[in-house]
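**Student:** the following block contains a protein sequence and its predicted model.
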Amino acid sequence: MARKRKLSEEERELWDRVARTTRLFHGTRKPEQPDEEALAKPPTPLEKPLPDPPKADLGKLRLGGATPRTGWYHTPPKPIAESLRTQPLRMDHKAHKQMTRGKLVPDARIDLHGMTQAEAHPELISFILRAQDHGHRLVLVITGKGKIMEDWDPIPTRRGVLRHQVPQWLRLPPLGPVVMQVSQAHQRHGGEGAYYVYLRKLRG
């Protein structure tokens, strides 16, 4: 029977290295011993624990108290009727009072109800300029109140596109220099769905 050969120092060192990396039969690996030198080292800047979050100051908190506004917030635009009421009065006060009470009869009128913006804008410009050429002072622009539709959009949409757009068109060129005053019409002339437009005199 052959005698067992003893392992050399190099072979035993190699065997020990292989043995340290092998797994036990039941599939678990022998736990490695912790490196005492690594544990004694202070943590590097990236390994430092995160600081504790600052504690909230609840001393000034009061139930029902107002919270300070931070960031931006949305201010909804004023309703059309309110915006027109607060505009400066450029026409005669007595004539304006009679006009808003529906006691003045418009010299001419145009009905934009049912038109698109692309159709209504040039029609409005042509009507206003033609009315001034004819010497009219008070004209009636009918826009309609707009349809009431169910709106599930979280951002509310305006009812009546032309109703909101016409006052802006009347302030912009080429109609701005022609128009003296815009007011919501009286109920007998269309109420919220129409506007009184008082024109400047055409200079001769």
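**Tutor:** Looks like it arrived, so ask away.
**Student:** after the helix or strand of the chain with the lowest mean pLDDT, next one along is what?
**Tutor:** The helix or strand of the chain with the poorest confidence is helix 36-40; it has a mean of 56 (mean pLDDT, DSSP states H and E). Counting by DSSP states H and E, the next helix or strand C-terminal to helix 36-40 is helix 80-85.
**Student:** ok, residues contacting the following helix or strand past that following helix?
**Tutor:** Per DSSP H and E, the first helix or strand lying C-terminal to helix 80-85 is helix 93-100. Residues from elsewhere that reach helix 93-100, judged by C-beta atoms under 8 Å, 6 or more residues apart in numbering: 89, 104, 138, 181, 183, 184, 186, 196, 198. For glycine as for every other residue, the C-beta is placed from the backbone atoms N, C-alpha and C.
**Student:** tell me the mean pLDDT for helix 93-100?
**Tutor:** Averaged over helix 93-100, pLDDT sits at 96.
**Student:** next secondary structure element downstream of that helix?
**Tutor:** Helix 93-100 is succeeded, C-terminally, by strand 108-111 (DSSP H and E).
**Student:** tell me the spacing between the closest residue to residue 166 other than its chain neighbours and residue 202.
**Tutor:** Leaving aside its sequence neighbours, residue 166 sits nearest to residue 143 (C-beta to C-beta, 6 or more residues apart in numbering; 5.4 Å). Relative to residue 202, residue 143 is positioned 25 Å away (C-beta to C-beta, to the nearest Å).
**Student:** the two: who's more crowded?
**Tutor:** residue 143 (26 against 13; other C-beta atoms under 10 Å).
**Student:** can you give me phi and psi for that one?
**Tutor:** phi -110, psi -20 (degrees, to the nearest 10).
**Student:** residue 12 now?
**Tutor:** Residue 12 adopts backbone torsions of phi -70, psi -40, taken as degrees, to the nearest 10.
**Student:** what residues sit buried inside the longest helix seen in the chain?
**Tutor:** When the chain is parsed with DSSP state H, its longest helix is helix 117-133. For helix 117-133, the neighbour count (16 or more other C-beta atoms under 10 Å) marks 120, 121, 124, 125, 127, 128, 131, 132 as buried.
**Student:** can you pull the contacts of the fifth one?
**Tutor:** Going back to what we said before, that points to residue 127. If you count contacts by C-beta under 8 Å, 6+ apart, then residue 127 has 108, 110, 139, 141 around it.
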